[in-house]
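Trainee: Got a predicted structure plus its sequence, pasted below:
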Amino acid sequence: MFAPGARAAAAAPRLSACAVISVLLACSSAIASPSGVHSASPSAIALAVLPPAVNESAAAFEARLAQPYPRWPTHGWPVSTPEAQGIDSSVLADAMAAIRARHLPVHSLLVERHGVIVLDAYFHPFADNELHDVASVTKSVVSTLVGIALGEHKLHDLGAPVLALLPDDQVESEDPRKSRITLADMLSMTSGLDCSAEGGRNFLQQMEQSRHWVSFALERPETAEPGTTFGYCAGNMHVVSAVLTRTVGASASAFAQQALFAPLGIERAVWPADADGVSHGFADLKLQPRDMAKLGYLWLHHGMWEGRRIVPARYLKAALTPKATVEANVQYGYGMWLYPNCGHAGGPPDFEANGYGGQRIAVVPSQDMVVVITGSGLDANQVSALLADMARSDGALPPDPAGDERLNIRVAEAASGAGTRVAARHATPELPESGPRAAIRTAALASVTRP
């Protein structure tokens with residue numbers, strides 16, 4: 001069906017920056033407490049998110065994944081001190097300070113580990129609860145929707161020729177290679193279509209000024225045999241979006257609302273369409289950063305959510321399997337960027353959804369962690385490098401009230417801009433699961449005075 005495709009405890013040594021770790025974290029030792037997790041429904045924590053064991057059957061793996069998890073952020077993320085999740089709050093505080101000192105154009109920074117948020121920061125003037133253009137992260141969402149459509153048997157074969165899937169889009173070409181372009185080729189950016197600039201306009205500008213965007217993309221000349229050469233092209237994923245529209249009977253946006261966003265509790269999303277009603281497959285989806293983290297959490301958990309299969313495990317495995325080598329330690333799957341030897345900016349191997357301007361959802365399976373970055377004109381690697389050494393232990397570290405306090409101050413300063421004065425800290429209350437939080441992770445501030 002699926003076609004080819006600091007303060008580490010003595011007993012908690014620092015994780016190697018580029019260690020290749022083959023097994024995901026088994027569990028967190030933190031349990032709900034004033035210094036640990038704050039959740040509307042506290043419960044013992046027993047994460048068991050492991051890849052298939054040696055000789056484990058697919059059925060057994062699926063059954064294990066189907067077991068309910070205690071931390072699903074459908075109705076809001078629980079929050080925690082960093083140390084309770086094995087993360088050094090001083091590293092996070094230093095990163096926040098460095099971002100402002102270097103004037104990096106960061107809009108938001110979120111770190112989730114073991115199912116809880118340890119950092120949820122916003123940089124003035126971007127504010128909490130605002131939607132953000134995720135740029136080409138959209139491509140990874142489109143890929144996810146393809147997996148869902150396969151699971152619902154609305155799509156049947158990634159090896160199907162794209163032209164056969166879009167019979168209404170007449171393409172005139174004498175090149176026989178055109179008829180051999182498959183859906184898998186489009187998803188892996190190996191269609192062979194010429195997406196170069198012409199007349200001083202890049203491909204995207206040309207496509208957006210055409211009458212029918214899908215036909216424009218499909219009519220581009222072939223420069224390579226499909227499936228052989230990587231060529232990053234906005235048109236590929238827009239064609240995939242059109243295939244979704246044709247096969248599921250709704251736009252990618254409408255399909256996502258029903259089959260992806262609703263199950264994850266994503267209530268606000270904006271996704272424009274072209275004149276033919278095809279949701280932009282290449283970019284322009286807008287989401288809140290915490291909802292971006294939900295997507296990363298879904299991918300981290302192999303397409304499972306609250307014991308329900310959202311995305312077929314077989315598809316996600318294919319999507320996260322290299323289909324093309326871009327450069328050393330950079331590979332591409334189906335709408336996903338893969339870093340198999342070392343993280344994009346240091347740290348352990350990860351996979352990412354990346355977008356222009358610094359938009360990123362980074363999933364680090366070996367550390368049971370998701371990092372979300374948004375910005376404008378940002379090199380997200382500069383931020384990721386600041387975080388590469390934040391995870392010091394698989395389990396909890398000793399509490400560090402001073403480090404946590406310093407982090408809270410940095411978060412409050414970022415939210416309000418320069419000149420913020422922070423009042424003395426009081427006992428940490430339990431946070432609401434949703435609603436404005438003035439960008440404070442653990443509500444540790446009594447008041448904030450803005451000039």
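Mentor: Good, I have the coordinates. Numbers count the residues shown, from 1 in each chain.
Trainee: name the element residue 372 belongs to?
Mentor: strand 369-375 (DSSP states H and E).
Trainee: mind listing the helices for the stretch 201-350 of the chain?
Mentor: 203-208, 213-218, 234-248, 252-256, 262-264, 289-300, 313-319 (DSSP state H, counting those that start in this stretch).
Trainee: Burial check on the closest residue to residue 192 other than its chain neighbours, number of neighbours?
Mentor: Computed as Cβ to Cβ, 6 or more residues apart in numbering, the closest residue to residue 192 that is not its neighbour in sequence is residue 224, at 4.0 Å. Quick note: C-beta positions are derived from backbone N, CA and C, even for glycine. Residue 224: 15 surrounding residues under other Cβ atoms under 10 Å.
Trainee: Please tell me how far residue 224 sits from residue 216.
Mentor: Noted for residue 224: a distance of 19 Å to residue 216, by Cβ to Cβ, to the nearest Å.
Trainee: now the end-to-end length of stretch 205-214.
Mentor: With Cα to Cα, to the nearest Å as the measure, the ends of stretch 205-214 fall 14 Å from one another.
Trainee: list the buried ones in it?
Mentor: 206, 207, 212, 213, 214 (16 or more other Cβ atoms under 10 Å).
Trainee: Tell me if I'm right that the second one and residue 237 touch.
Mentor: Right, residue 207. No. Counting by Cβ atoms under 8 Å, residue 207 stays clear of residue 237, with 11.5 Å between them.
Trainee: Quick check: buried residues in stretch 186-204?
Mentor: For stretch 186-204, by 16+ other Cβ under 10 Å, it's 186, 187, 188, 189, 190, 191, 192, 193, 195, 203, 204.
Trainee: if I look at residue 286, how far off is residue 116?
Mentor: 25 Å.
Trainee: Mind checking which of the two has more residues around it?
Mentor: Between residue 286 and residue 116, counted using other Cβ under 10 Å, the more crowded position is residue 116 (25 against 17).
Trainee: Next, the residue nearest to the more buried one when sequence neighbours are not counted: phi, psi?
Mentor: Using Cβ to Cβ, 6+ apart and skipping residues adjacent in sequence, the residue nearest residue 116 is residue 80, 4.1 Å away. Here is the backbone geometry of residue 80 (degrees, to the nearest 10): phi -160, psi 160.
Trainee: so residue 80 touches residue 119, yeah?
Mentor: No. At 9.9 Å, residue 80 does not count as touching residue 119 under the criterion of Cβ under 8 Å.
Trainee: Residue 334 contacts residue 318, doesn't it?
Mentor: Yes. Here residue 334 reaches residue 318: they are 6.4 Å apart, a contact under Cβ under 8 Å.
Trainee: quick one, which of these two is more surrounded?
Mentor: residue 334 (29 against 23).
Trainee: State the distance from that one to residue 201.
Mentor: 28 Å.
Trainee: Please pick out the residue of the protein most distant from its centre.
Mentor: residue 174 (39.6 Å; Cα atoms, centre = their mean).
Trainee: Report the separation between that residue and residue 222.
Mentor: In terms of Cβ to Cβ, residue 174 sits 11 Å off from residue 222.
Trainee: try residue 206
Mentor: 17 Å.
Trainee: Kindly report the same for residue 365.
Mentor: 36 Å.
Trainee: Which one's more surrounded, those two?
Mentor: residue 365 (23 against 17).
Trainee: quick one: the more buried one and residue 300 touch, right?
Mentor: Yes. If you go by Cβ under 8 Å, residue 365 and residue 300 touch, sitting 6.4 Å apart.
Trainee: Now residue 397. Nearest residue, chain neighbours left out?
Mentor: residue 83 (4.2 Å).
Trainee: Around that neighbour, how many other residues sit close by?
Mentor: 26.
Trainee: which ones are touching it?
Mentor: Counting by Cβ atoms under 8 Å, 6 or more residues apart in numbering, residue 83 makes contact with 7, 35, 89, 396, 397, 398, 399, 400, 403, 404.
Trainee: how does this structure divide into domains?
Mentor: 6-128+353-451, 137-264 (automatic domain parsing).
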